[in-house]
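Student: how would this look folded up:
(chains A, B, C and D)
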There are 2 protein chains.
Amino acid sequence: MELNKRQTKLLEYIKTRLAESGFPPTFSEMAKAVGVKSKNAIEKMLRKLEVLGMIEREKASARGIRLLNREGDFIGAGQFAAPVVGAVAAGSPILAEENIETWVNLPTTLTHNRRDVFILKVRGTSMKDAGILDGDLVIVSPRQEVRHRDIVVALIEGEATVKRYINIDGRKYLKAENPEYKNIHPKSEWTIAGKVVGVIRNIE
Amino acid sequence: MELNKRQTKLLEYIKTRLAESGFPPTFSEMAKAVGVKSKNAIEKMLRKLEVLGMIEREKASARGIRLLNREGDFIGAGQFAAPVVGAVAAGSPILAEENIETWVNLPTTLTHNRRDVFILKVRGTSMKDAGILDGDLVIVSPRQEVRHRDIVVALIEGEATVKRYINIDGRKYLKAENPEYKNIHPKSEWTIAGKVVGVIRNIE
DNA sequence: CAGATAGGTGAACGAACGTTTACCATATAA
DNA sequence: TTATATGGTAAACGTTCGTTCACCTATCTG
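Tutor: The predicted structure is shown next:
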């Protein structure tokens, strides 16, 4: 069972309404937003979203809708669900379902209001001199321009790695921020999955 | 103009309801929660909260309440407002009004559901080998037990500083994580303001 | 003392809001 | 072809919910 276009639009509308107004919309508002004329249409769509575990409802109460992320905990206003990428299966795009370990809610204030970021859990100490340690979560913005000396997430042979991007006169390579690691001049195909725009560390 | 006990309780109730149920409460729910029998009493309290800039309302709509932090942006479900401490005025407690630069909303998921944390903006590079750089925000938990080798925020002569806490056989001092800095054996009175439980960095 | 102010009760009103039922159109499966 | 699921309209219903008004009671002020 999957969402059709209008149902996806409804879910999206609930998200933005929650983010922008601080509380969920009413049936009439939703009907207007997705372009249907009957509140019953909304009722049916909501039931579907509920069955699929995307929302949770409080019956018979106004605006009684909770938005859930795929972990089942709910996404409050001013937040959005960001995927946490684990091991990247060779050849697959980094954001493929199979690579997503879990979802966490982030406040949009932490990402300059971007909602298209993902999160990568850092393994190893190759960036320790840049203040990125083993176990840290890096926030990655995939659609942002990457410049010389930015910290990036690169995909090399289906392996996601955090490094500093160096581009000198068109010579492009990756630099570790730890003297014990060598620079990487990939021979095989590689791509940049995004720019690191934030770091989150949980101590203990 | 200040809040009395019941009004404070109302504000607190709105906060927890928003955190727990994902949307604001109705008048009746609020009346029951703070122990008044009339919805009009709630109306008057809400007006006061509104005048004081603590909430924002959408008139004539069910559950039309937004919770604001002291910066005027609203606090969504699953979030709470944490104070960002700047320069600490000598002799004042670290969380005194005058020391608070601004407020930011944090998701409770980042603080293990603790709501009593505050944030300190790090100055200098004395903790760089612990992955804490100049400009980083550290999340500080003031009521948590501090143990040997924890990273802490210490108050020395009215100066807030982030260091590693060392306690060997009762000999207590502070250690920088940067060879260019010496250990600190404070001679004057000093206190520990809290334990560092998280780090947030915004790149760019 | 009279008067203002803050905080509350209680009831009535009307609009907002979720729910339900009957009915229709279209596509898909048996 | 006949069922059956899907997605929608339309209307009616009954609460829920915010608003407002009249009135009460302390407490403080001049």
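
Student: partner strands of the lowest-mean-pLDDT helix or strand in chain A, parallel or antiparallel?
Tutor: Lowest by mean pLDDT, DSSP states H and E among the helices and strands of chain A is strand A:100-107, with a mean of 87. Using DSSP bridges, strand A:100-107 pairs in its sheet with strand A:79-85 (antiparallel).

Student: Identify all contacting residues around the strand it pairs with.
Tutor: A:15, A:19, A:69-70, A:75, A:94-95, A:99-108, A:115, A:117-121, A:137, A:139, A:160, B:76-79, B:107 (C-beta atoms under 8 Å, 6 or more residues apart in numbering or on different chains). From N, CA and C alone the C-beta is placed, and that goes for glycine too.

Student: Close to DNA strand D: what parts of chain A are there?
Tutor: Within chain A, the positions adjacent to DNA strand D are A:1, A:4, A:6-7, A:31, A:36-41, A:44-45, A:48, A:60-62 by C-beta under 7 Å from any atom of the strand.

Student: Please list the members of those that lie in helices.
Tutor: Among the residues of chain A next to DNA strand D, the members falling in helices (DSSP state H) are A:6, A:7, A:31, A:39, A:40, A:41, A:44, A:45, A:48.

Student: which residue sits closest to the second one, ignoring its sequence neighbours?
Tutor: Right, residue A:7. residue A:45 (5.2 Å; C-beta to C-beta, 6 or more residues apart in numbering or on different chains).

Student: and that neighbour, what does it touch?
Tutor: Contacts of residue A:45 by C-beta under 8 Å, 6+ apart are A:6, A:7, A:10, A:34.

Student: for the lengthiest strand in chain A, which positions count as buried?
Tutor: If you go by DSSP state E, chain A has its longest strand at strand A:190-202. For strand A:190-202, the neighbour count (16 or more other C-beta atoms under 10 Å in any protein chain shown) marks A:190, A:192, A:193, A:194, A:195, A:196, A:197, A:198, A:199, A:200, A:201 as buried.

Student: So what pairs up with the residue lying closest to the last one once chain neighbours are set aside in the strands?
Tutor: Across the structure, with C-beta to C-beta, 6+ apart as the measure, the residue nearest residue A:201 apart from its sequence neighbours is residue B:199 (4.1 Å). When bridges are called by DSSP bridges, residue B:199 pairs up with residue A:201, residue B:138.

Student: Wait, residue B:199 touches residue B:135, no?
Tutor: No - here residue B:199 lies out of contact with residue B:135, judged by C-beta atoms under 8 Å, at a distance of 11.1 Å.

Student: what residues go with each domain of chain A?
Tutor: Domain assignment for chain A by automatic domain parsing gives A:5-67, A:79-200.

Student: who wins for proximity to DNA strand C among those domains?
Tutor: In terms of C-beta to the nearest atom of the strand, the element of the domains of chain A nearest to DNA strand C is domain A:5-67, at 3.2 Å.

Student: Compute the first-to-last residue distance for the closest one.
Tutor: 18 Å (C-alpha to C-alpha, to the nearest Å).

Student: before we move on, what about stretch A:80-92?
Tutor: The separation between the terminal residues of stretch A:80-92, taken as C-alpha to C-alpha, is 24 Å.

Student: tell me the mean pLDDT for it?
Tutor: Confidence for stretch A:80-92, expressed as mean pLDDT, is 79.

Student: and if you look at stretch A:16-33?
Tutor: Average pLDDT, stretch A:16-33: 94.

Student: do the same with stretch A:110-124
Tutor: Taken as a whole, stretch A:110-124 carries a mean pLDDT of 90.

Student: does it come close to chain B?
Tutor: Yes - counting by C-beta under 8 Å from any C-beta of the partner chain, chain B is contacted by stretch A:110-124 at residue A:110.

Student: what comes up buried for that stretch?
Tutor: Within stretch A:110-124, the residues scored as buried using 16+ other C-beta under 10 Å are A:110, A:111, A:114, A:117, A:118, A:119, A:120, A:121, A:122.

Student: Show me those residues that map onto strands.
Tutor: Among these, DSSP E puts A:118, A:119, A:120, A:121 in strands.

Student: can you list the residues of chain A near DNA strand C?
Tutor: A:26-29, A:39-40, A:43, A:57, A:59-64.

Student: ok, those vs residue B:126, which is closest?
Tutor: Among those, residue A:63 lies closest to residue B:126 (C-beta to C-beta), at 49.2 Å.

Student: show me the residues around the residue nearest to residue A:201 that make contact.
Tutor: Residue B:199 touches A:199, A:200, A:201, A:203, B:131, B:132, B:136, B:137, B:138, B:139, counting by C-beta under 8 Å, 6+ apart.

Student: check contacts around the fourth one.
Tutor: Contact criterion C-beta under 8 Å, 6+ apart gives B:151, B:196, B:197, B:198, B:199 as the residues in contact with residue A:203.
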